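J.: Test case, fold it:
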Amino acid sequence: MEQAGEKRFLGVSRNVFFLGWVSFLTDVSSEMIFHMFPLFLSQVLGVGAAFIGLIEGLGDSAATILKLVSGWASDRLGKRKGLTTLGYVLSTVAKPFLLLASSGAVALAIRFFERSGKGIRTSPRDALVADSTTPETMGRGFGFHRALDTFGAVGGIAIAAVIIYLMQGWQTTLSLPSFQWLIIIGVIPAVLAVLVLVFFVHEARASRPNGAEVGVAAAGRGFDRRFKIFLAIMVLFTLGNSADIFLVLRASDIGLSPLHILLMFIPLNLVYAATSYPFGRLSDRIGRKRVIIAGWGIYALTYLGFALVSPTWHLIYVILLFALYGVYYGAAEGVTRAFVADVVPSERRGTAYGLYHGAIGLSLLLASVIAGVLWQTIDPAATFFFGAAMAGAAIAGFVLLIRE
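T.: Got it, this is the predicted structure:
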């Protein structure tokens, strides 16, 4: 827990500040590489949409299991930093191997390994953020962290756009050399992120749970009823929240070039970054529930827009859709994590975040497969109509079943 009198940086604790910069640098790296990953799979390797969904889904399923295990382990150890560091190192090591990817199967294996690193780090890191923040400023802390994370995404996309432009201009198909340069340059900030984490983030020791709760099998016991219902609602929402690679494929489907697609993600992430901190502070004042419901409502409207978009739409409307999607992220991502911290004991936060991310990850596996199948067997719009419907069902569940 943040200590009284501890020096603060931009209104947050030292750990939250530097963890934000770790996420900033990591997202510079990841967004440079993985925004173009679905186009690399489809246009360079010739992988179909259903298999692309499977690649993302299997990667997320690996991350899911590891988020649960690493979160529980961080509770048992009463320490978070070591597991967080291990996860960031594994993801960093995996990225250069994409230079060797010559088939969908090889790409799947590398993505699986990279996502496993994310799985190991995510729950302990979120618990470390919560442990380094007071209950009264939980929304602010997570909002700050998500904001820096997303500003990193903006930087990564901008750098990738420059590289793509220099390598191939406005060509409509991604070239292999362009993607390889994204990987080579993208590894540099990933290494810097690990160094910041090692040298500037301190352990915030968490209380250990009592001796009766010693196994992963006990992970789901002893939590507030609201937390369990919230997990069920998150599963419902996530079933329609397919991987963002389908936004890339949808943009390509209506005729946008790789460079255009990268530029679309700049307003998305700028809006996400600019709204995360204000929405987090707002949730500290008016409650998490209202902010989350508003965010999910915006998500439903955005997905309806992506379902209806066509090559005849003016480019400005597509830009607005991507920006609106950024508002959803700003309102929901950090605030849902703060909600978890609100309703679970501090000594069980690692396990709680493991369950939270685990529920989302398992749902994403099915969601990505469903999205790919709908895309190929019906049409691309069906993927987004389904997502909007699941968001509406989740909102109804949140309104009716959860009290703050």
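J.: correct me, but residue 86 touches residue 118?
T.: No. Counting by C-beta atoms under 8 Å, residue 86 stays clear of residue 118, with 11.4 Å between them. C-beta: built from backbone N, CA, C; applies to glycine.
J.: which of these two has more neighbours?
T.: Neighbour totals were compared for residue 86 and residue 118, and residue 118 leads with 24 against 15 (other C-beta atoms under 10 Å).
J.: Which residue comes closest to the more buried one once chain neighbours are left out?
T.: Nearest non-adjacent residue to residue 118, counting by C-beta to C-beta, 6 or more residues apart in numbering: residue 63, 5.2 Å away.
J.: Leaving out sequence neighbours, find the closest residue to residue 12.
T.: Counting by C-beta to C-beta, 6+ apart, the nearest residue to residue 12 once its immediate chain neighbours are dropped is residue 144, at 4.9 Å.
J.: Just give me how far the helix or strand encompassing residue 23 sits from the chain centre.
T.: Secondary structure from DSSP states H and E places residue 23 in helix 14-34. Averaging C-alpha positions (C-alpha atoms, centre = their mean, to the nearest Å) puts helix 14-34 12 Å from its chain's average.
J.: repeat for stretch 19-36
T.: That offset, for stretch 19-36, works out to 11 Å (C-alpha atoms, centre = their mean).
J.: Could the C-alpha coordinates of it be exported in CSV?
T.: C-alpha atoms of stretch 19-36 as CSV (Å, rounded to 0.1, in the frame of the first residue of the first chain):
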residue,chain,number,x,y,z
LEU,A,19,5.1,1.1,-14.0
GLY,A,20,3.3,3.5,-16.3
TRP,A,21,6.6,4.1,-18.2
VAL,A,22,7.3,0.4,-18.4
SER,A,23,3.9,-0.1,-20.1
PHE,A,24,4.6,3.0,-22.3
LEU,A,25,7.8,1.5,-23.6
THR,A,26,6.4,-2.0,-24.0
ASP,A,27,3.4,-0.6,-25.9
VAL,A,28,5.7,1.4,-28.2
SER,A,29,7.3,-2.0,-29.1
SER,A,30,4.2,-4.1,-29.3
GLU,A,31,2.1,-1.7,-31.3
MET,A,32,4.8,-1.2,-33.8
ILE,A,33,4.8,-5.0,-34.4
PHE,A,34,1.4,-6.4,-33.7
HIS,A,35,-0.8,-3.9,-35.4
MET,A,36,0.6,-5.1,-38.7
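J.: Report the mean per-residue pLDDT for that stretch.
T.: For stretch 19-36, mean pLDDT is 91.
J.: pLDDT weak spots in the stretch 251-400 of the chain?
T.: Applying pLDDT under 70 to the stretch 251-400 of the chain picks out no residues at all.
J.: just the helices in it please.
T.: Applying DSSP state H, counting those that start in this stretch to the stretch 251-400 of the chain gives helices spanning 258-286, 288-308, 315-343, 349-377, 380-401.
J.: Pick the most deeply packed of the ones you listed.
T.: Mean neighbour counts were taken over the helices of the stretch 251-400 of the chain using mean count of other C-beta atoms under 10 Å, and the top value, a mean of 24, falls to helix 349-377.
J.: still on that earlier bit, pretty sure the residue nearest to residue 12 contacts residue 13?
T.: No. In this structure, residue 144 is not within contact of residue 13 by C-beta under 8 Å, at 9.7 Å.
J.: returning to that earlier point: and the helix holding residue 23, what does it pack against?
T.: In terms of contacts (3 or more C-beta pairs under 8 Å, 6 or more residues apart in numbering; DSSP states H and E), helix 14-34 is packed against helix 81-94, helix 104-131, helix 138-168, helix 176-200.
J.: ok, now with 10 Å
T.: Counting contacts by 3 or more C-beta pairs under 10 Å, 6 or more residues apart in numbering; DSSP states H and E, helix 14-34 packs against strand 8-9, strand 12-13, helix 81-94, helix 104-131, helix 138-168, helix 176-200, helix 258-286.
J.: now the third one and helix 104-131, what's the angle there?
T.: Helix 81-94 and helix 104-131 are oriented at 150 degrees to each other (axes from the mean of the first three to the mean of the last three C-alpha atoms, to 10 degrees).
J.: May I have helix 81-94 as CSV, with CA atoms only?
T.: Only the C-alpha atoms of helix 81-94 are listed here, as CSV (Å, rounded to 0.1, in the frame of the first residue of the first chain):
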residue,chain,number,x,y,z
LYS,A,81,7.9,-7.6,-8.9
GLY,A,82,9.8,-10.8,-9.7
LEU,A,83,6.9,-12.4,-11.7
THR,A,84,6.1,-9.1,-13.4
THR,A,85,9.7,-8.8,-14.5
LEU,A,86,9.8,-12.4,-15.7
GLY,A,87,6.8,-11.8,-17.9
TYR,A,88,8.2,-8.7,-19.5
VAL,A,89,11.5,-10.5,-20.2
LEU,A,90,9.8,-13.5,-21.9
SER,A,91,7.7,-11.2,-24.2
THR,A,92,10.8,-9.2,-25.2
VAL,A,93,12.7,-12.4,-26.0
ALA,A,94,9.9,-13.8,-28.2
